[in-house]
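*Asks:* what would the 3D arrangement of this be:
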Amino acid sequence: MNETANAGAPQQKDHGVLYLGIDLGTSRTSVAASNGVRETLASHVAYPKDVVARKLLKKEVLFGEEALEHRLSCNFYSPLASGHIKWGDGNGAGNAEAEANIKATADLVREICRRARPRKDELLYAVVGVPAQASIRNKEAIINAARETLDSVMLCSEPFAVAYGLDWLDDVLVIDIGAGTTDLCRMHGTMPEEADQVTLAAAGNSVDQVLADLIRKKYPEAQFSMQMVKKFKERYSSVLDTMEPAVVEMPVNGKPTKFDITKEVRDACRSIVPPIVEGLGRLIATFDPEFQHKLRNRVLLAGGGSMIDGLDTEIEKFMAEKLGGGTVLRIEEPLYGGSNGALKIAHDMPDDFWEKLK
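*Replies:* Have a look, this model is predicted:
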């Protein structure tokens, strides 16, 4: 009788807590969980357009690469731009495009949490990484979207999460290169303030755009999409003079044709270096002069963009020219650096802190 009476009641969560560190990115969303699970997926969400699409796909919602593959049969969303929820042409909530992206973000969070494999009786406490200078409106929107799945949630800046995860908390500069933004953060033994953080548009998507423009200029007859350009970049990305030849296939009037885009890939990848070093220079120049040399020689390179071959040494070369020197260290796990750090923050927060956030 009791089982029947309680069949429709909500699941009681009284058997512990699963802590999650979530890196909610423009291109990829990653999670690291206290049960040891780590997952990443492309930040794409798709909903079948009609009954034919639902019959074909046999799903109500698709995520990641599967959503991208079937985007022509679906209402397709990459709901995050520059690490923020897309607001469309309106002023946020109430705008149809904004509401659709907020829903897609909530579904994306639900899916990445599902992939962390929580037990049904576990509370979900999560720290979510966001861009260093995310607006208050976007932070509120992300929290509201996350609360549909999570029992308690807090936000932190992505570069801070990277540094915290590695215990690099004093006299260090963090470069976190994502798809939508590059976040710079100055750590000096305390929580970073607004003056300690810089957000740049020079990031993965800007490299894609530069590469597309260069290809279009050199090979005007070639036909390509931005998704193709992104794949070219991810396959061959390098700033080295002796990089692997980047020979790709693009159609010309429907005929597959090979093109050498080696120089274009290298030049596009190098395009983000000057603004990054300029941003580092601003953070160094406004720091205590007695400790500026420490910052220059403790630069941590993170994020998906850090996987560009030779980028650490290229930044060092530019720092030597513009700032008088510097040492750059690339983190070992660029895809999980933010989520690993966010998980560590979640673990270190006291229980009463999480209770207050519910």
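*Asks:* V265 touches L240, doesn't it?
*Replies:* No. With contact defined as Cβ atoms under 8 Å, V265 does not reach L240; the gap is 10.6 Å. For the C-beta atoms, the positions are set from N, CA and C on the backbone; glycine is no exception.
*Asks:* just the helices in the stretch 1-150 of the chain please.
*Replies:* Using DSSP state H, counting those that start in this stretch, the helices of the stretch 1-150 of the chain run over residues 2-5, 51-57, 64-69, 96-115, 136-146.
*Asks:* more neighbours, V265 and L240?
*Replies:* Counting neighbours by other Cβ atoms under 10 Å for V265 and for L240 shows that V265 has the greater number, 29 against 14.
*Asks:* tell me the contacts of the more buried one?
*Replies:* 211, 232-233, 236-238, 243, 246 (Cβ atoms under 8 Å, 6 or more residues apart in numbering).
*Asks:* out of those, give me the two with the largest separation.
*Replies:* L211 and M243 (13.7 Å; Cβ to Cβ).
*Asks:* in stretch 45-52, what's buried?
*Replies:* Burial within stretch 45-52, assessed by neighbour count using 16 or more other Cβ atoms under 10 Å, is assigned to 45-48.
*Asks:* among the residues you listed, which one sits closest to V130?
*Replies:* Distances from V130 to these, taken by Cβ to Cβ, are shortest for V45, at 18.2 Å.
*Asks:* who's in contact with that closest one?
*Replies:* By Cβ under 8 Å, 6+ apart, the contact set of V45 is 61-63, 67, 76-79, 104, 107-108.
*Asks:* of those residues, closest to V52?
*Replies:* V52 has its nearest neighbour among the contacts of V45 in L62, at 15.1 Å by Cβ to Cβ.
*Asks:* ok, and the closest non-adjacent residue to the closest one?
*Replies:* Spatially, and ignoring its direct neighbours in sequence, L62 is nearest to A46 (4.4 Å; Cβ to Cβ, 6 or more residues apart in numbering).
*Asks:* with N340 as the reference, measure out to the nearest residue to T149 once chain neighbours are set aside.
*Replies:* If the residues on either side of it in the chain are set aside, T149 comes closest to R110, at 4.5 Å by Cβ to Cβ, 6+ apart. With distances taken as Cβ to Cβ, to the nearest Å, R110 is found 22 Å from N340.
*Asks:* which residues are in contact with the nearest residue to E244 once chain neighbours are set aside?
*Replies:* Counting by Cβ to Cβ, 6+ apart, Y236 is the residue found nearest to E244 once chain neighbours are left out, at 6.4 Å. Counting by Cβ under 8 Å, 6+ apart, Y236 makes contact with 243-244, 246, 248, 261-262, 265.
*Asks:* got the phi and psi for Y236?
*Replies:* Torsion angles at Y236 (phi, psi; degrees, to the nearest 10) stand at phi -120, psi 0.
*Asks:* switch to numbering from 10
*Replies:* From this message on, residue numbering opens at 10, which makes the last subject Y245.
*Asks:* picking that back up, compare L220 and M252 (neighbour count), which wins?
*Replies:* Ranked by neighbour count (other Cβ under 10 Å), L220 and M252 place L220 first, with 27 against 17.
*Asks:* wait, N306 sits on L338?
*Replies:* No. Between N306 and L338 there is no contact, the gap being 9.8 Å when judged by Cβ under 8 Å.
*Asks:* one step back: between R119 and N349, which one's more packed in?
*Replies:* Of the pair R119 and N349, N349 is the one with more neighbours under other Cβ under 10 Å, namely 21 against 17.
*Asks:* not counting sequence-adjacent ones, nearest residue to that one?
*Replies:* N349's closest residue in space is G174 (Cβ to Cβ, 6+ apart), at 4.4 Å.
*Asks:* what about that neighbour, how many residues nearby?
*Replies:* By other Cβ under 10 Å, 23 other residues sit near G174.
*Asks:* then D176?
*Replies:* Neighbours of D176 (other Cβ under 10 Å): 9.
*Asks:* also G347?
*Replies:* Residues lying near G347 (other Cβ under 10 Å) number 37.
*Asks:* phi first, then psi, for D269.
*Replies:* Here D269 shows phi and psi, under degrees, to the nearest 10, equal to phi -90, psi 110.
*Asks:* so which of the contacts of V54 is the most crowded?
*Replies:* L117 (29 neighbours).
*Asks:* can you check the pLDDT for it?
*Replies:* Per-residue confidence (pLDDT) for L117: 96.
*Asks:* which residues touch the residue nearest to S247 when sequence neighbours are not counted?
*Replies:* Excluding the flanking residues, the one nearest S247 by Cβ to Cβ, 6+ apart is D318, at 3.8 Å. For D318, the contact set (Cβ under 8 Å, 6+ apart) comprises 246-249, 252.
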